[in-house]
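In: From the sequence below, what's the structure:
(one chain, ligands or ions: 1)
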Amino acid sequence: MRYLVTGCAGFIGSHLVDALLQRDAEVIGIDSMVPFYDLNLKRQNLARALAHPRFHFIEGDLTKMPLKPLLDDVDVVLHVAGQPGVRDSWGEQFEAYTRNNVLATERLLHAAVGSGIKRFVFSGSSSIYGDAPEMPWRESTCPQPRSPYAITKLAAEHLCRSYHLDFGVPTIVVRYFTVYGPRQRPDMAFHRFLKSALLDEPIPLFGSGQQTRDFTYISDIVAGTLAAAEAPDHAVGQVFNLGGGSRVVLLDLLEMLSEVVGKPVTIQRLGKQAGDVRHTWADISRSQAVLGYEPQVGLREGLAREFAWIRDVYDR
Ligand SMILES: NC(=O)c1ccc[n+]([C@@H]2O[C@H](COP(=O)([O-])OP(=O)(O)OC[C@H]3O[C@@H](n4cnc5c(N)ncnc54)[C@H](O)[C@@H]3O)[C@@H](O)[C@H]2O)c1
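Out: A predicted model of the protein is given here:
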């Protein structure tokens, strides 16, 4: 099988590439190396894959480069590239969100028309549910996005749906719930928390700490995304929640984190951030039934693995 993985130098994309290379797939990876965070981290993410004979890296921007020729011999597209982050998506930055989340997705879908690809899996986001009151969230829950980021991710989902219905592109959307683990982006909570704990600095906590989050370990996200790529035909055109089954109150999480890092932690309270939702909680029954998805890694174990990586990165 030949896979095209967009956003291959990022947190999630690079793990997908590594997993595919272990499964004997041919992988083309595209990334424009957006300097949203330290590019050295992205280069490290890609280091193992770059040394692999079945990996072909193209540094390019999906909003500009010709895409049709790339899809000629590809069986599956994993469209992971995007501009992530809720808090930065307001105001001036919105242009980058519309470009990298909406325009890039539309161009790739347009190129996929008539290409013969078997699956087009789009990395969606739980943020599209916003503060929808009926919990846990099912895929059928009415989206109520609260941030410009979430709105662009929802727009991209609708593009997938339209290209499926009108042009037969075999799209499947997987909605990720807060992903964590080694290579996590530096703007994300666990990365910031663990780094602060390592450096004996106060942990910056936005809001009251009573928010809950459904955290999903990276290897579970990889398994769920690859299961979507291999899903039966009746899954095409559908949306699937990928949550971790580890929903936790942030303040309780900080207690667990203190045990994992082996020392007490102090908290620096910061105000609530625009666009942050109070709770997230996935109903994963559809993913379990159709994709055979079962999250395997619990929060304590996942935190310990991310901490081992954080220590490695910042000690270096
Ligand atoms: N990390 C999470 O918890 C989470 C949750 C929900 C959804 N997602 C989605 O998953 C995807 C990956 O997230 P991540 O955390 O790995 O982010 P990331 O920033 O680490 O990776 C995204 C990669 O996409 C690349 N990219 C962006 N625009 C591009 C373009 N126009 N052309 C080519 N490459 C481009 C970036 O350079 C980056 O390396 C994103 O689409 C994000 O919206 C992530």
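In: For residue 3, give its distance to residue 71.
Out: 11 Å (C-beta to C-beta, to the nearest Å). Quick note: C-beta positions are derived from backbone N, CA and C, even for glycine.
In: Between the two, which has more neighbouring residues?
Out: More neighbours surround residue 3 than the other of residue 3 and residue 71, with 24 against 21 (other C-beta atoms under 10 Å).
In: In terms of helices and strands, where is the closest residue to residue 242 other than its chain neighbours?
Out: In space, residue 242 comes closest to residue 224 once its chain neighbours are excluded; the distance is 4.1 Å by C-beta to C-beta, 6 or more residues apart in numbering. Element membership of residue 224, judged by DSSP states H and E, is helix 218-229.
In: which residues does the residue of the stretch 201-316 of the chain found nearest the ligand bridge with?
Out: Across the stretch 201-316 of the chain, the shortest distance to the ligand (C-beta to the nearest ligand atom) belongs to residue 216, at 7.5 Å. Per DSSP bridges, the residues bridged to residue 216 are residue 179.
In: so it makes contact with residue 176?
Out: Yes: with contacts counted by C-beta atoms under 8 Å, residue 216 reaches residue 176, the gap being 6.5 Å.
In: any low-confidence regions in the protein?
Out: Judged against pLDDT under 70, the chain has no low-scoring part.
In: What residues does it have near the ligand?
Out: Contact residues, the chain versus the ligand (C-beta under 6 Å from any ligand atom): 6-7, 9-13, 30-34, 36, 42, 61-63, 80-84, 100, 104, 123, 125, 153, 176, 178-179, 185.
In: And what about the residue in the stretch 51-200 of the chain positioned nearest to the ligand, helix, strand or coil?
Out: Relative to the ligand, the nearest point of the stretch 51-200 of the chain is residue 82 (2.7 Å; C-beta to the nearest ligand atom). Three-state assignment for residue 82 (DSSP: H, G, I helix; E, B strand; the rest coil): coil.
In: Report the contact partners of it.
Out: Residues in contact with residue 82 (C-beta atoms under 8 Å, 6 or more residues apart in numbering) are 7, 100, 101, 104, 105, 123, 153, 156.
In: rewinding a little: please flag which of the residues of the chain next to the ligand sit within helices.
Out: Within the residues of the chain next to the ligand, residues falling in helices by DSSP state H are 11, 12, 13, 42, 104, 153.
In: and the gap between the last one and residue 84?
Out: Think residue 153. Taking C-beta to C-beta, one finds residue 153 at 9 Å from residue 84.
In: which one of the two has more residues nearby?
Out: The neighbour comparison of residue 153 against residue 84 (other C-beta under 10 Å) goes to residue 153, with 30 against 27.
In: can you give me the helices for the stretch 51-200 of the chain?
Out: With helices called from DSSP state H, counting those that start in this stretch, the stretch 51-200 of the chain shows them at 94-97, 104-112, 148-167, 189-198.
In: can you pull the contacts of the residue nearest to residue 242?
Out: 174, 240, 242, 287, 291, 293.
In: Am I right that the second one sits in a strand?
Out: Yes: under the criterion used here (three-state DSSP), residue 240 sits inside a strand.
In: was I right about residue 256 contacting residue 303?
Out: Yes: using C-beta under 8 Å, residue 256 is in contact with residue 303, at 6.6 Å.
In: what about those two, which has more around it?
Out: Ranked by neighbour count (other C-beta under 10 Å), residue 256 and residue 303 place residue 303 first, with 25 against 14.
In: which residue packs closest to the more buried one, ignoring adjacent ones?
Out: The shortest distance from residue 303 to any non-neighbouring residue, by C-beta to C-beta, 6+ apart, is to residue 260 (4.8 Å).
In: Counting neighbours, what do you get for the one you found?
Out: Around residue 260 there are 20 other residues, counting by other C-beta under 10 Å.
In: Backbone dihedrals for it, both of them.
Out: Dihedral pair for residue 260: phi -70, psi -40, per degrees, to the nearest 10.
In: That one is in contact with residue 302, isn't it?
Out: No: judged on C-beta under 8 Å, residue 260 makes no contact with residue 302 at a distance of 9.7 Å.
In: From residue 198, how far off is residue 315?
Out: From residue 315 to residue 198 the distance is 8 Å (C-beta to C-beta).
In: let me fix that: residue 270
Out: 19 Å.
In: between these two, who's got more neighbours?
Out: residue 198 (16 against 10).
In: coming back round to it: filter the residues of the chain next to the ligand down to the buried ones.
Out: Buried subset of the residues of the chain next to the ligand (neighbour count, 16 or more other C-beta atoms under 10 Å): 6-7, 9-13, 30-32, 34, 36, 42, 61-63, 80-84, 100, 104, 123, 125, 153, 176, 178-179, 185.
In: In contact with residue 39, which residues are there?
Out: residue 33.
In: All set, thanks.
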